[in-house]
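Student: let me see the structure of the following:
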Amino acid sequence: MASRIGGCRRPLLLLFLLSLASQTAFSWKQDEFRNCNQTPFCKRARSRKPGYCTLIADQVSISDGLLTAKLIPRPIPNQEEGGEDHHQIAKPLLLSVSIYQSGILRLKIDEDPALDPPKTRFQVPEVVVSEFDETMLWLSRVSTETLDGDSAPSSVVYLSDGYEAVLRHDPFELYVREKSSKSRLVSLNSHQLFDFEELRVKNEGEEWEERFKGHTDTRPYGPQSISFDVSFYDAEFVYGLPEHATSLALKPTKGPGVEYSEPYRLFNLDVFEYLHESPFGLYGSIPLMIAHGKTGKSSGFFWLNSAEMQIDVLAEGWNADSGLSLPSDQKRIDTLWMSEAGIVDAFFFAGLGPKDVVSQYTAVTGKPAMPQHFATAYHQCRWNYRDEEDVENVDAKFDEHDIPYDVLWLDIEHTDGKRYMTWDSVMFPHPEEMQKKLAAKGRRMVTIVDPHIKRDDNYYIHKEAAEKGYYVKDSSGKDFDGWCWPGSSSYLDVLSPEVRMWFSDKFGFDSYKGSTPSLYIWNDMNEPSVFNGPEISMPRDALHFGGVEHRELHNAYGYFYHMATSNGLVKRGDGKDRPFVLSRAFFAGTQRFGSVWTGDNTADWDHLRASVPMILTLGLSGISFSGADVGGFFGNPEPELLVRWYQLGAFYPFFRAHAHQDTKRREPWLFGERNTKLIRQAIHVRYMLLPYFYTVFRESNTTGLPVMRPLWMEFPSDDATFSNDEAFMVGSSLLVQGIYTERAKHVSVYLPGDELWYDLLSGAPYKGSQTHKLVALEDRIPAFQKAGTIIPRKDRYRRSSTQMVNDPYTLVIALNSSQAAEGELYIDDGKSFEFMQGAYIHRRFVFSNGKLTSLDLTPNNKKSKFTSQTVIERIILLGHSPGPKNALIKPGDGKVEVGLGPLVLETGLGSSSSFVTIRKPSLPVDKDWTVELV
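Tutor: This next block holds a predicted model:
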C-alpha cells in the first residue's frame, strides 16, 4: 500500500484521504523526491576530482589484534591561484582493520573520541551478529613492502590462505590482493576520492540549514558526510544495492556515454507506482555490491551505514583526464560511495565464487530465518476484504474451484479507525471465530500493523506510549506528530531496546484482543512513511534514543520495527512458534526476521519483467524470502498478464497476489473458466514443488544462499549468464524463464552448462550451452530440471499445504551423461524451533550405476529427534531407457514393479509422454535404503 500526500496542509489531509477511495491511480511524481543535485552532500562528492584526498596513514601498528593507524593530511605545498582545492581534515581520524575467518576484512574509520567531537557518530547496532565477532583472527604481526613507485612502505597482513590485505601509507589506500599473483581483487581510495566531513561547532553566521519543498532541515551538527571510491578488479559486472527497479547488472551512472546521470540512491521511501529502469531508491536499502568476472571469481563490498547513501557506477573512461597514475593496470569497475552521515564501517569479501561472497555477507549480517512451511505456499491478499462474510466467501470459492491457498490477508480497513491491533466491531465482530474457521482447513490469516500510531487518548497503545515517552521526538524534543492513514500520528522509537521490548509484548493474546495462534503480521509503511513530511518521510533532524538524529538512522528504522514485531510473535508463542512477518522496508540483516516484497508495483508487462531482477538482487543481499505482488498492486491486469504473472509468481520465494482497493476484484475464478484453469495449474505447480522449495529454504537458512538465484551463481564461468535477468534458478536444480510480452508466440531460453535440461512438466530434453527458441505455450512458462539432479515433489493437491503433510512423495531423477544424479529432501515439523536442536529429517539421494541410495545427513549429536511416517510413492527417471521390469529394495529384499508412467499426474498439465517409473516402492523418508533396477 502506498501514500501520495506530498507537502499537504493538515486541514486538507482528511479530505485527501477520503479522496483516495475514489481515485484509481496516481503517477509517480519525481519532483517530490530529491535528486543528487538537490542533495548537497551528493553534489559535493560528485564534483571532486581524482587525487582530491591528501590523507596518509600514520602510526601504523598492531594493537589488540587489529591493524591500526591514524589518517592525517600530507603537507601540501602552496598552490598557485586557481589550483585544485584539497580538503584538509582538522583532526586525525582513527583507522582499524580487523580480519575474520573465511576471508573477510573489516575497515573502520571514525573521529577520535579523545579529541572531543561535538557528538558521537552513529554506528548501526544489532546488524552484525554476535557469532561473527567470535570469528575474528587475532593479528600478531604485520609485514612491510614498498610498492613500485611509492616512497613510503605499505603494511601487509594475512587475510586467508589465498589473499592478503595491503594498507598503503602514502597515499592512503586499502586493498585485497591474491598472495601468489599480487593481483588486486577490491580496493578503497585508489582514486584518492576519500572525504570525511568532521563534526564541528557552528561558526557565527554560518548557514547549515537545508530546505526542500517547504521543509527545513536544521542540521544542528552541520555537514558530516563521507565519500570514497571502491574498485573491483577483473570484474565484468557489479550487482546489488537493493532496492531499485532496474536491471540485475548495475548500469553505469556517470561517465562517457551515460545519458541519465543519477546515482543509485539508497534512502527508504514510500514510492507510489514506481518506475521501472530507474536508479531511484525505493522501500529498502542494503549497501552491498558484488562484482563478478570471466575468471569465475567474485568479490564484495558492504558499508554498514543507515544514513542516506548515493552510489555511482562509473563508466569506463570517467577519469581519462585526471592525470592520476594508478598502481594497477588490471581491468576494473570503479564506483563512488557517498553517505550523509555515520562512520566508515566497511567489509571486504574475498570469495572464490559468488556463493562464497553471499555466504560471507550473511556470516556478518546473519543467515535467513527458516520460515514456517505454510508461508512458502500461496497467499491471497487485497486492500481490503470488506468483512467476515467477504472472507468466508473468498475462502469457500477457493475450495469450490479446487485451488489451494494457505493464507488470507487483511489490510488497514479491518481495524477500528486505523488503530492497529484492533478490529472494526461492525465488519469483523467475531475475529477469533473467523480465524478458527480458516485454521480448521489448515489456513492462516495475516493482519497489517503499521508503525504510525493514531494520536487518540482512548487508544491504549498511544496512551501508554505517550505516557512512557516512547515516541520519536521532533527537533525541539516534543513527540513527533506526523500524518498517515489514521490522521495525526506518532512513531515508536524502535531504536530503543526498551521500546522494542514493550512493543513486542503488545502482540500477546492478552493485549492483541481477537488474535489467535494462527494470526501473523504484515508491517507496511515502515520506511517510515509520513504523508506531510519531507519526501513523504520523517524529518532528518527528528531525534531518537540516545540523541541519534533520524538522518543517521533512517534506512534502519523499518528494520528495527520488523525486529520488534518478529520478536513479539516469538514471545507470543513462548518461543515455540516461528514468526511470520512481512515487511516493506528493509536493511542489512532483515533476513533474520522475515520476508519482504517489492512494494507497490503496477499491472503491466514492464513490472512483471522488473520483478525478476528485483527479487534476484534481494537474494544476493541475503533476503531470500521475497516476492512481488502477483498481478500488480495498481491497475487492472488483462487476463493474459494475470495468468503469466501467476505462472512466474509460482516460482517466487514469496508467492502472494495483492491488489489496490480501487482495482476490480481479481480472485482467480473471476476471468472465465479457461483462465481459472490456467491459474489453478500455476498454483498447483507451486504446491507440487513445495518439498523442493522447503528444502532450498533450509539450504538458505544454513548457508545464506538465495532460494531464487541468478544463472551466473550456478554457472560462474559462463559469461552468457552474467547479464541475463529474464531467467533464474530456484536452488541449483530448476531453471525458470518468464514470458514478459503480450501475445508472445515464441520465447528464447538460454540453457547453460554442458549437460541436458529436462522440461519440468513434459520431460522433453534440451541441450545445454545453447539458446532454444520455444513455442510460448498458454498453460505454462518454460521451466527445466537440470540433468544430474533429483527433485522431491508431492503430487496430491489439497486445500492447503498443512493438509498435505502426511501425503507421499515423488522423486524425479534427471539423469546426466553419466547416468547419475543426486538431490536432497529436508523435512521438519514446519512450525517450531525444534529443528535447531536436530529435530528434522535431511536425506541425500544418490543415483548411480542403476541404484538409488538414501543417505542420512542429520548430525549424530542432535538433541532432539523428528520422525515421519510418510513414504516415497513414485520414482521417475528422466533420461533412462526403458528396459528394467523390477527394482530390488534393501534392506528387506523387496521387489517392486518398474514400468512407464506420466511425469505429471494432473490431466492437462504436462505431456502424454511416459517415463521409466518405479511404482509404489513405499520407501520411508526417514530411513536408509537402496533401490536397484534389475
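Student: let me see the domain layout of this structure.
Tutor: According to automatic domain parsing, the chain comprises the domains 37-320, 373-451+495-529+553-705.
Student: so which of those domains gets nearest Lys863?
Tutor: Smallest distance to Lys863 across these (C-beta to C-beta): 15.3 Å, for domain 373-451+495-529+553-705. (Each C-beta comes from the backbone N, C-alpha and C, glycine too.)
Student: surely Val812 forms part of a strand?
Tutor: Yes. In this structure, Val812 lies within a strand as judged by DSSP: H, G, I helix; E, B strand; the rest coil.
Student: can you count the residues close to it?
Tutor: 25 (other C-beta atoms under 10 Å).
Student: that one and Ala787 touch, don't they?
Tutor: No. Using C-beta atoms under 8 Å, Val812 is not in contact with Ala787; the gap is 11.7 Å.
Student: so what's in contact with the two at the same time?
Tutor: Leu878 (C-beta atoms under 8 Å, 6 or more residues apart in numbering).
Student: re earlier: any idea which of the domains of the chain is most buried?
Tutor: domain 373-451+495-529+553-705 (a mean of 22; mean count of other C-beta atoms under 10 Å).
Student: mind checking the end-to-end distance for it?
Tutor: 18 Å (C-alpha to C-alpha, to the nearest Å).
Student: give the rounded mean pLDDT of it.
Tutor: The pLDDT scores in domain 373-451+495-529+553-705 average 98.
Student: Gly627 contacts Phe651, correct?
Tutor: No. Using C-beta under 8 Å, Gly627 is not in contact with Phe651, being 9.7 Å away.
Student: who touches both of those two?
Tutor: By C-beta under 8 Å, 6+ apart, Gly627 and Phe651 have no common neighbours.
Student: for the lengthiest strand in the chain, what is the distance to the chain centroid?
Tutor: As assigned by DSSP state E, the longest strand anywhere in the chain is strand 914-924. Centroid separation for strand 914-924 versus its chain: 38 Å, with C-alpha atoms, centre = their mean, to the nearest Å.
Student: neighbouring strands for it, and are they parallel or not?
Tutor: Applying DSSP bridges, strand 914-924 is found paired with strand 871-878 (antiparallel), strand 894-902 (antiparallel).
Student: now the element after the first one, going C-ward?
Tutor: Scanning the chain past strand 871-878 towards its C-terminal end, the next helix or strand to appear is strand 886-890 (assignment: DSSP states H and E).
Student: quick one: low-confidence parts of the chain?
Tutor: Where the chain drops to pLDDT under 70, the residues are 1-28, 76-88, 323, 325, 327.
Student: ok, what's across the strand from the residue nearest to Pro921 when sequence neighbours are not counted?
Tutor: Using C-beta to C-beta, 6 or more residues apart in numbering and skipping residues adjacent in sequence, the residue nearest Pro921 is Val896, 4.8 Å away. In this entry, Val896 is beta-bridged to Ala887, by DSSP bridges.
Student: what of Tyr491?
Tutor: In beta-bridge terms (that is, DSSP bridges), Tyr491 pairs with His452.
Student: residues in contact with it?
Tutor: 451-453, 471-472, 480, 482, 528, 530, 538.
Student: now for the host helix or strand of Phe784, which elements pack on it?
Tutor: Assigned by DSSP H and E, Phe784 belongs to strand 783-786. Counting contacts by 3 or more C-beta pairs under 8 Å, 6 or more residues apart in numbering; DSSP states H and E, strand 783-786 packs against strand 734-737, strand 757-759, strand 809-814.
Student: what are the pairing partners of the last one, and which direction each?
Tutor: So that's strand 809-814. Note on strand 809-814: by DSSP bridges, its sheet partners are strand 789-793 (antiparallel), strand 871-878 (parallel).
Student: okay, the angle between the longest one and strand 886-890?
Tutor: Angle, strand 871-878 to strand 886-890, by axes from the mean of the first three to the mean of the last three C-alpha atoms, to 10 degrees: 130 degrees.
Student: got the residue ranges for the helices in the stretch 651-800 of the chain?
Tutor: Ranges of helices within the stretch 651-800 of the chain are 673-688, 690-703, 711-714, based on DSSP state H, counting those that start in this stretch.
Student: buried stuff in the last one?
Tutor: Same thing as helix 711-714. 711-714 (16 or more other C-beta atoms under 10 Å).
Student: who are the contact partners of the closest residue in space to Asp161 that isn't next to it in sequence?
Tutor: Among residues not flanking Asp161 along the chain, Lys179 sits closest, at 7.9 Å (C-beta to C-beta, 6+ apart). Listed by C-beta under 8 Å, 6+ apart, the contact set of Lys179 reads 161-164.
Student: pick the one among those closest to His554.
Tutor: Among those, Tyr163 lies closest to His554 (C-beta to C-beta), at 34.3 Å.
Student: was I right to think that closest one contacts Ser180?
Tutor: No. Using C-beta under 8 Å, Tyr163 is not in contact with Ser180, being 9.9 Å away.
Student: surely His462 meets Asp456?
Tutor: Yes. Taking C-beta under 8 Å as the definition, His462 is a contact partner of Asp456 at 5.7 Å.
Student: can you tell me how far the nearest residue to Asn724 once chain neighbours are set aside sits from His292?
Tutor: What sits nearest to Asn724 in space, not counting adjacent residues and going by C-beta to C-beta, 6+ apart, is Leu711, at 5.4 Å. Here the criterion is C-beta to C-beta, to the nearest Å. By it, Leu711 lies 11 Å from His292.
Student: just checking, Asp416 touches Phe428?
Tutor: No. Counting by C-beta under 8 Å, Asp416 stays clear of Phe428, with 9.2 Å between them.
Student: what's the burial count for the residue nearest to Pro921?
Tutor: 16.
Student: quick one: contacts of the longest strand of the chain?
Tutor: So strand 914-924 is contacted by 763, 854, 868-878, 880-882, 884, 887, 889, 894, 896-903, 929, 931, 933 (C-beta under 8 Å, 6+ apart).
Student: a helix runs through Trp502, doesn't it?
Tutor: Yes. Residue state for Trp502 (three-state DSSP) corresponds to a helix.
Student: residues contacting it?
Tutor: By C-beta under 8 Å, 6+ apart, the contact set of Trp502 is 464-465, 468, 470.
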